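Visitor: any chance you could fold what I've pasted below:
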Amino acid sequence: MTVSRAVIEIEDTQVVGGKSGLPATILVQFNPTELTLTKGAQIAEINIPGIDSPILQFIRGQNEKLTLDLFFDTTDTGMGMEVVDVRDQTRHVYQLVKIQAETHAPPRVRFTWGSGLSFRAIVESVQQKFTLFNPDGIPLRATLSVTFREYKTLEEQLKDLNLQSSDHSKRYSVRRGDTLSRIAAEVYRDPSQWRAIANANTGVVDHPLRLVPGTVLIIPPLDVRGQPVVGTS
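Guide: As a prediction, the model looks like this:
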């Protein structure tokens, strides 16, 4: 059975072989034994007087992170005068977090391990830990803790999200205690969008905090930028 080796591919071709001497592909010496994937969301608290707890508003997603340890060892060459410095193998990985002269930024990379994982990213951090040395102090064994931060263009993100808005306005029946900001928080998940509802109900709503229970309001659709969609009914 053939074992797939994990590799780090450099996607910024202009830095390959440049001043840093980065190769097109960095072959991992030993496959990692653990992978950690982390994804989060940024949430804001919207304080509305008179309610029990703040409204939670989704602001944006956060980049997914891939964290792993890479192990390197050159003791197969012995411990004497002919040893191979393990930094000869780790230096290319360490370079991935540094600004490149050609692009003025760290290179974009893709970490691939067989058919199970393909992660496009920028290397956020690299920590080198040397654990074995020859008598002259040359490091022979190292563990690199690497964090990759997901990289996607705006166009790729919008395509993946496929954000949509309803083609038609909705109707909402006012309940006791409702305000426009509370309704906006419920239907849009954003209480600050209460003006879109107020503008769609001119002549029906006299005050955003004083709504008559049973009143039927028009809830206009919003586009992906949070703006009312024109020409819907």
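Visitor: which other helices and strands contact the top strand by length along the chain?
Guide: Longest strand of the chain, by residue count under DSSP state E: strand 117-133. Applying 3 or more CB pairs under 8 Å, 6 or more residues apart in numbering; DSSP states H and E, one finds that strand 117-133 contacts strand 65-73, helix 87-95, strand 108-113, strand 139-150. Every residue, glycine included, has its C-beta placed from N, CA and C.
Visitor: centre of the chain to it, how far?
Guide: In this view, strand 117-133 has its centroid 18 Å away from the chain centroid, taken as CA atoms, centre = their mean, to the nearest Å.
Visitor: please enumerate residues in contact with it?
Guide: With contact meaning CB atoms under 8 Å, 6 or more residues apart in numbering, strand 117-133 is reached by 11, 35, 65-66, 73, 75, 86, 90, 93-94, 96-97, 105-112, 139-152.
Visitor: tell me where this structure has helices.
Guide: 87-95, 154-161, 180-187, 194-200 (DSSP state H).
Visitor: export those to CSV and tack on mean pLDDT, mean neighbour count and distance to residue 23?
Guide: Listed next are these as CSV, based on pLDDT from 0 to 100; neighbours: other CB atoms under 10 Å; distance: least, CB to CB, whole Å:
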stretch, mean pLDDT, mean neighbour count, distance to residue 23
helix 87-95, 94, 17, 6
helix 154-161, 78, 10, 26
helix 180-187, 90, 20, 52
helix 194-200, 90, 17, 53
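Visitor: beta partners of residue 119?
Guide: Judged by DSSP bridges, the bridge partners of residue 119 are residue 111.
Visitor: quick thing: my sequence starts at 12, can you match it?
Guide: Sure, I'll start counting at 12 from here, so that last one is residue 130.
Visitor: give me the neighbour count for it.
Guide: By other CB atoms under 10 Å, 20 other residues sit near residue 130.
Visitor: likewise the one 5 residues further on?
Guide: Other residues near residue 135 number 17, with proximity taken as other CB under 10 Å.
Visitor: with residue 81 instead?
Guide: By the measure other CB under 10 Å, the count of residues near residue 81 is 22.
Visitor: check contacts around it.
Guide: Listed by CB under 8 Å, 6+ apart, the contact partners of residue 81 are 39, 40, 41, 43, 104, 154, 155, 157.
Visitor: show me which of those is closest to residue 214.
Guide: residue 157 (60.9 Å; CB to CB).
Visitor: quick one, what contacts the closest one?
Guide: For residue 157, the contact set (CB under 8 Å, 6+ apart) comprises 78, 79, 80, 81, 104, 134, 136, 137, 138.
Visitor: show me which of these are buried.
Guide: Among these, those scoring as buried are 78, 79, 80, 81, 104, 134, 137 (criterion: 16 or more other CB atoms under 10 Å).
Visitor: export the helices of the chain as a markdown table, with columns for distance to residue 27.
Guide: As requested, these are exported to a markdown table (distance: least, CB to CB, whole Å):
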| stretch | distance to residue 27 |
| --- | --- |
| helix 98-106 | 11 |
| helix 165-172 | 22 |
| helix 191-198 | 50 |
| helix 205-211 | 50 |
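Visitor: quick one: which of these is nearest residue 69?
Guide: Evaluated over the helices of the chain, closeness to residue 69 peaks at helix 191-198, with 11.3 Å, by CB to CB.
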